[in-house]
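A.B. asks: just a sequence and a predicted model for now, questions to come.
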Amino acid sequence: MRDWNELVAAWGDIVPLPLTALLLLLAAGIVGTLWFFWPSWWHAMLRIRFRRRPKRAKKKDEAVRVITDDELDDVAESDEELPEVAPVVFVALADRFAAEGRYAEAVRERLRAMVREMVERGVVVNRPGWTVTELAEAASAALPGVRPPLTAASGIFSLIWYRKSPARIEDDSEMRVLADQLHTELSRR
C-alpha cells in the first residue's frame, strides 16, 4: 500500500490533478470505443479473412459408403442451402426424387452435388446466398474447364426454379450428363 501511495504522490508532483482526470477520462473513452467496435477495426486493420478450409477430396480406394434412408430424409428436409454431406448423398437423393417423378427436386439435388464436389476439391468456397450464375462464374474463374457443364446446369436449374417451367425427365438426364462432365473435369485437376 505504501508503494501505491508513493507512486500516486510522485505522479501528483509531475502532473496536476485536473490533467490526470482528463487523461483517465480520455483513456476510458478510447478503451470503450475500441471495445464497442472491436471486430470491425481489428479485422480491417489486420486484413484477416475467416474462411473454411476445403475438405480434402476422398481417395478412390476408400470403402464404399452406404447411404441410409434416414440420412436422405435429413438432407431433403434440411433448411441449409448446402448441408455438410458428401456429394454421393445428394446424388442418391436426386435418384430417389427422379424415381418418384419429382424432376425439379432431382435437378436441384444434382446441382447441389456438383457444388459440394467443387467445394470439397477446393475450386470454390461455399458462400450461402450465391445464385447459380454467380457460382458458375466463380468456379469458371478458378478452373476454366468447368464453365461448359456449369453454365448448362445453371441454365436448366434457372429455367425450372426461377422461371417456373415444368421439369421433365430429359432435364434430369441432362443434369446427369453435366454432372459426369464436371466430375471428369475435376478429376483431371
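C.D. replies: On my side now, so go ahead.

A.B. asks: next up, the contacts around the closest residue to I169 other than its chain neighbours.
C.D. replies: Closest residue to I169 apart from its sequence neighbours, by CB to CB, 6 or more residues apart in numbering: Y103 at 6.1 Å. C-betas here are computed from N, CA, C, even on glycine. Neighbour list for Y103: F97, I160, A167, R168, I169, D171, D172 [criterion: CB atoms under 8 Å, 6 or more residues apart in numbering].

A.B. asks: mind listing which of those are in helices?
C.D. replies: The members of the contacts of Y103 that map onto helices under DSSP state H are F97, I160, I169, D171, D172.

A.B. asks: of those residues, select the buried ones using a ChimeraX command.
C.D. replies: Selecting the buried subset of the ones in helices among the contacts of Y103 in ChimeraX, with 16 or more other CB atoms under 10 Å as the burial test, is done by:
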select :97,160,171,172
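
A.B. asks: now do the same for the most centrally placed residue in the chain: helix, strand or coil?
C.D. replies: In the chain, the residue lying closest to the centroid (CA atoms, centre = their mean) is N126, at 2.6 Å. For N126, the assignment made with DSSP: H, G, I helix; E, B strand; the rest coil gives coil.

A.B. asks: tell me, domain by domain, which residues of this protein belong where.
C.D. replies: Listed by automatic domain parsing, the domain ranges of the chain are 2-46, 69-188.

A.B. asks: pLDDT below threshold where in this structure?
C.D. replies: Where the chain drops to pLDDT under 70, the residues are 37-81.

A.B. asks: let me see the ranges of the helices in it.
C.D. replies: 2-14, 17-36, 38-46, 69-77, 87-99, 103-120, 132-142, 147-161, 169-188.

A.B. asks: any idea which of these is most buried?
C.D. replies: Ranked by mean neighbour count, those are led by helix 103-120 with a mean of 23 (mean count of other CB atoms under 10 Å).

A.B. asks: quick one: it to helix 147-161, angle?
C.D. replies: In terms of direction (axes from the mean of the first three to the mean of the last three CA atoms, to 10 degrees), helix 103-120 departs from helix 147-161 by 140 degrees.

A.B. asks: switch to numbering from 11
C.D. replies: Understood, numbering begins at 11; the last thing we discussed is helix 113-130.
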